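Asks: What shape does this take:
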Amino acid sequence: MKIVSIIGSPHGEKGNTGKLLGEVLKGAEREGAACETIVLRGNSVKPCMGCDQCHKKGHCPQKDEFESIKEKMLAADGVILATPNYIFQVSGQLKVFLDRCSSLIHCMALEGKYGACVVTSGGGDELPIVQYLYHFLIVSGVTPIDAVWATMGTSEPDTQVSEENRKQAYSLGRTLVKAWEEKRSFSMVEKMQKEHRKRMQELINWHQEEWPYEYAFWKERE
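Replies: Next up, the predicted model:
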C-alpha cells in the first residue's frame, strides 16, 4: 500500500501534529506500507482563484505545487490529512489546499482509496475538525477508516505524544493498511457517497457546456 500524508503545519513533521502523524505512519509501515509525507508550510500552494479552469480543463493554471501533490494523491492507495487546530478549524495552510480540490470532489476522483485524519490542539475542540476532514474525504471518494486526535497543551517544542495517543495512532496506521488489503466497506460511507455522486452528476450535467472536462469524465463512467 502506498500512503500519501498531507500535513498543514508550519512546524512540519517536528511539531505536535507531525509527531502524532509519525506514530500513525509507524503503524502503517509495520504492515508494509510505503509512506510519503507532504508538508504544506504556506508558500507551496496558492489560494483558489475561482477561475473554473479545473472544471473546464481538469487542471489548475496556477504555477505552484498543487498539481504535483494532486497527482501523488491520485497515484496513492491511501490519503491521510493532518492538521493542528487553528481557531476551531484546520490550519490556513491545509484549508488553502482543500479549497483547490473542487474538481476532485466534483469527480469523486479519489474513489477506491482509504484514508484517515490526524488533529492536534493546545486546548481541545478537535472533533469538529475531524468531522470536517472526514466529510472532505468521503465526498472526494475516499473511505475514511478512523481518526486520532490529541489535546497536547502548550506548543513547546519538547511536547511529547502521550503513551495512550501513541498507541491509538500506531493502531490507526495498522488498521488503515488492513482495511485497504481487505477492501472493507462501511454502509454509512457508501450511502453518503451514493448521494453525493448523484448530486454531482446532476450538477455537472446541468453545467455540461461550462464544465466540459467534468462532463466528459462522468459520461465515460455511465
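
Asks: how close does the residue nearest the centre of the chain get to Leu21?
Replies: When CA atoms, centre = their mean is applied to the chain, the residue found nearest the centroid is Leu81 (4.0 Å). Using CB to CB, to the nearest Å, one obtains 10 Å as the distance from Leu81 to Leu21. To be clear about C-beta, it is placed using only N, CA and C from the backbone, and glycine gets the same treatment.

Asks: And Met152, by the same measure?
Replies: Distance of Met152 to Leu21, computed by CB to CB: 13 Å.

Asks: So for those two, which residue has more residues nearby?
Replies: Each of Met152 and Leu21 has its neighbours counted (other CB atoms under 10 Å); Leu21 has more, 30 against 22.

Asks: ok, how many other residues are close to Ala150?
Replies: The number of residues packed near Ala150 is 24, by other CB under 10 Å.

Asks: Can you check my assumption that it lies in a helix?
Replies: No - secondary structure of Ala150 (DSSP: H, G, I helix; E, B strand; the rest coil): strand, not part of a helix.

Asks: What segments of the protein are helices?
Replies: Secondary structure of the chain (DSSP state H): helices at 16-30, 53-57, 66-75, 92-99, 102-107, 127-139, 163-182, 187-206, 212-219.

Asks: May I have the third one exported as PDB, CA atoms only?
Replies: To tie it back to what came earlier, the one meant is helix 66-75. The C-alpha atoms that make up helix 66-75 are tabulated as PDB, following Å, rounded to 0.1, in the frame of the first residue of the first chain:
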ATOM      1  CA  PHE A  66      -0.800  21.800  -6.200                       C
ATOM      2  CA  GLU A  67      -0.900  19.700  -9.400                       C
ATOM      3  CA  SER A  68       2.100  17.600  -8.400                       C
ATOM      4  CA  ILE A  69       0.600  17.000  -5.000                       C
ATOM      5  CA  LYS A  70      -2.800  16.100  -6.600                       C
ATOM      6  CA  GLU A  71      -1.000  13.500  -8.900                       C
ATOM      7  CA  LYS A  72       0.600  11.900  -5.900                       C
ATOM      8  CA  MET A  73      -2.800  11.600  -4.200                       C
ATOM      9  CA  LEU A  74      -4.300  10.100  -7.400                       C
ATOM     10  CA  ALA A  75      -1.400   7.600  -7.500                       C
END
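
Asks: Report all helices and strands that that helix contacts.
Replies: strand 2-7, strand 34-39 (3 or more CB pairs under 8 Å, 6 or more residues apart in numbering; DSSP states H and E).

Asks: which stretch among these comes nearest Glu126?
Replies: For Glu126, the closest of the helices and strands packed on helix 66-75 is strand 2-7, at 15.1 Å, according to CB to CB.

Asks: same for that closest one, what does it pack against?
Replies: Judged by 3+ CB pairs under 8 Å, 6+ apart, strand 2-7 is in contact with helix 16-30, strand 34-39, helix 66-75, strand 78-84, helix 92-99.

Asks: picking that back up, state whether the residue nearest to the centre of the chain and Ile6 are indeed in contact, as I suppose.
Replies: Yes - the pair Leu81 / Ile6 is scored as a contact, 5.7 Å apart, by CB atoms under 8 Å.

Asks: Spit out the residues that contact the two alike.
Replies: Counting by CB atoms under 8 Å, 6 or more residues apart in numbering, the contacts common to Leu81 and Ile6 are Leu94.

Asks: The closest residue to Ala34 other than its chain neighbours: neighbour count?
Replies: Nearest residue to Ala34 in three dimensions, chain neighbours excluded: Lys2, at 5.0 Å (CB to CB, 6 or more residues apart in numbering). By other CB under 10 Å, the residues close to Lys2 number 14.
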